[in-house]
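**Q** quick one: sequence plus predicted model below, questions after.
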Amino acid sequence: MKVYIVGDKCFHYTESVGQALETLGVDVKGLYINGFNRDRLSLIEYLKYKVNKEQYVSRYYQKNKEIIRKEIDEFKPDIILNINANYNYEVIDKNIIEMLREQKIKLTTWYMDSVKRIKSINQHIEDYDNVFVFEPDDVMYIKEKYPSVVVYYLPIGVAQEIFSSEHNIIGSSEFDISFVGSKTKNRLNILEKVASYCHNKNKNMIVYGKYYENESNVFRNYIDKIKFKLQYPNLYKFTTNKLLFGRDVNKLYCNTKISLNIHIDIHKGINPRTFEVLAGGNFELCDIRKDAKKLGLINGENIVFYKDADDCIRQIEYFLEHSKEREKIADAGSKLVHEKYMMNIVLKKYLDLVKLEKGIVYEKNR
């Protein structure tokens, strides 16, 4: 069987999906598509863009369309897996979709963000044979809005090649508390209270993410930094204002006694970070999720949940003092993820669900 993957290169998911499918005996080819961003252009290209913006952007996407047409003709895939499809609708447009229909190629997408955050969701989601979502509430949302769409819940798996099952050496962790993620109001409120506790109790905490502007405009950057410091004085002391990716994230998890997980407000289900923290045998303290038990996540057994900031601090204080209990829970969490939520296991479910639908050829080589 052959699968052609389309996705961006911002995070590791597109590449990890491809590697997982290959371990399942699938012939894989992929194309990275990054949405047009004028800030990434060189000076010469930016000047070209300024002359005729619409024409420049059209040419940018046209190049990718030509690549897709050529590679599909040569590769002859059975399935297209378009990750976060409607981020890429400028490339896989109606014309490309019609070409896929003529060649009887199965068209699928896997949304690795809530569809409610994607403004272009109504572009052509109904043209996809199968839609997969990592946010459980999106299943009903899509069914109500697009009754003809075949949609499945599929949590995002863990990349084996990045989040390995390394275990901390007892007492070796550099940080007591860590968090990685973008800023949202609910995250900032909890992190500021946790940071206040860490400051008062002399605990070592580190937070990675873009929490104030980091632009070439030095004056703007300075002003935003001062505003953040004034509004979140304790959190500021522990914040490293940059993004962290891939193996660097895993190294941080493995070097932390307690990894915090704070979901953004719009996500009601389990985010990818939940499984990525646990995969390496790391202890995770997570805000309460309504679908946790359905996924095998049991409070106090393989993960620990907190209900609010005060409860979060109580749990931190307890588990920093009870290292053996913390490590036992972390080990159980790692076992669960390696049994059920590694990327190759999740992709096997994807293939099985696609196979349920008609019109798919299931030989490895055509």
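**A** In hand now; what should we look at?

**Q** measure Leu100 to Ile125 for me?
**A** Separation of Leu100 from Ile125 (C-beta to C-beta, to the nearest Å) stands at 15 Å. For glycine as for every other residue, the C-beta is placed from the backbone atoms N, C-alpha and C.

**Q** likewise for Tyr13?
**A** Remark: distance between Tyr13 and Ile125 (C-beta to C-beta) = 19 Å.

**Q** next helix or strand past whichever strand or helix holds Lys237?
**A** Here Lys237, judged by DSSP states H and E, is contained in helix 233-238. Note on helix 233-238: by DSSP H and E, the next helix or strand toward the C-terminus is strand 239-240.

**Q** that following strand pairs with which strands, parallel or anti?
**A** Partners of strand 239-240 in the sheet, by DSSP bridges, are strand 205-208 (parallel).

**Q** mean confidence for the strand it pairs with?
**A** For strand 205-208, mean pLDDT rounds to 98.

**Q** next one: stretch 116-132
**A** Mean pLDDT, computed over stretch 116-132, is 77.

**Q** how far does that stretch stretch from one end to the other?
**A** 14 Å (C-alpha to C-alpha, to the nearest Å).

**Q** can I assume Tyr146 is in contact with Asp127?
**A** No - in this structure, Tyr146 is not within contact of Asp127 by C-beta atoms under 8 Å, at 10.5 Å.

**Q** kindly report the domain assignment for the chain.
**A** 2-157+343-356, 175-340 (automatic domain parsing).

**Q** any stretches of the stretch 51-200 of the chain with poor pLDDT?
**A** Within the stretch 51-200 of the chain, the segments meeting pLDDT under 70 span 86-89, 118-123, 165-172.

**Q** can you show me the strands along the stretch 51-200 of the chain?
**A** 79-83, 106-111, 130-133, 151-153, 175-180 (DSSP state E, counting those that start in this stretch).

**Q** turn those strands into TSV, including distance to Lys328 and mean neighbour count.
**A** Output for these, formatted as TSV (distance: least, C-beta to C-beta, whole Å; neighbours: other C-beta atoms under 10 Å):
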stretch	distance to Lys328	mean neighbour count
strand 79-83	36	24
strand 106-111	34	24
strand 130-133	33	24
strand 151-153	30	17
strand 175-180	18	22
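
**Q** can you lay out the ones you listed as CSV showing distance to Val28?
**A** As requested, the strands of the stretch 51-200 of the chain are exported to CSV (distance: least, C-beta to C-beta, whole Å):
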stretch, distance to Val28
strand 79-83, 9
strand 106-111, 14
strand 130-133, 17
strand 151-153, 21
strand 175-180, 28
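
**Q** please name the nearest non-neighbouring residue to His199.
**A** Excluding its sequence neighbours, the residue lying closest to His199 (C-beta to C-beta, 6 or more residues apart in numbering) is Asn234, at 5.2 Å.

**Q** show me the contacts for the one you found.
**A** Asn234 makes contact with 192, 195-196, 198-199, according to C-beta atoms under 8 Å, 6 or more residues apart in numbering.

**Q** now, among those, which is nearest to Lys227?
**A** The nearest member of these to Lys227, counting by C-beta to C-beta, is Glu192 at 13.9 Å.

**Q** burial of that closest one, as a residue count?
**A** Glu192: 16 surrounding residues under other C-beta atoms under 10 Å.

**Q** also Ile313?
**A** Ile313 has 18 neighbouring residues, counting by other C-beta under 10 Å.

**Q** with Lys293 instead?
**A** As a burial measure, Lys293 scores 10 neighbours (other C-beta under 10 Å).

**Q** same check on the one 10 residues further on?
**A** Around Ile303 sit 25 other residues, with neighbours defined as other C-beta under 10 Å.

**Q** could you pull up the residues touching Cys286?
**A** 260-263, 274, 303-306.

**Q** in stretch 18-25, what's buried?
**A** By neighbour count on 16 or more other C-beta atoms under 10 Å, the buried set for stretch 18-25 is 18-21.

**Q** what's the closest of these to Tyr46?
**A** Ranked by distance to Tyr46 (C-beta to C-beta), the buried residues of stretch 18-25 are led by Gly18 at 31.9 Å.

**Q** distance of the closest one from Leu24?
**A** For Gly18, the distance to Leu24 - C-beta to C-beta - is 11 Å.

**Q** likewise Val6?
**A** Val6 sits at a distance of 19 Å from Leu24 (criterion: C-beta to C-beta).

**Q** now do the longest helix anywhere in the chain against strand 79-83, angle only.
**A** Longest helix in the chain, counting residues (DSSP state H): helix 53-75. When axes from the mean of the first three to the mean of the last three C-alpha atoms, to 10 degrees is applied, the directions of helix 53-75 and strand 79-83 differ by 150 degrees.
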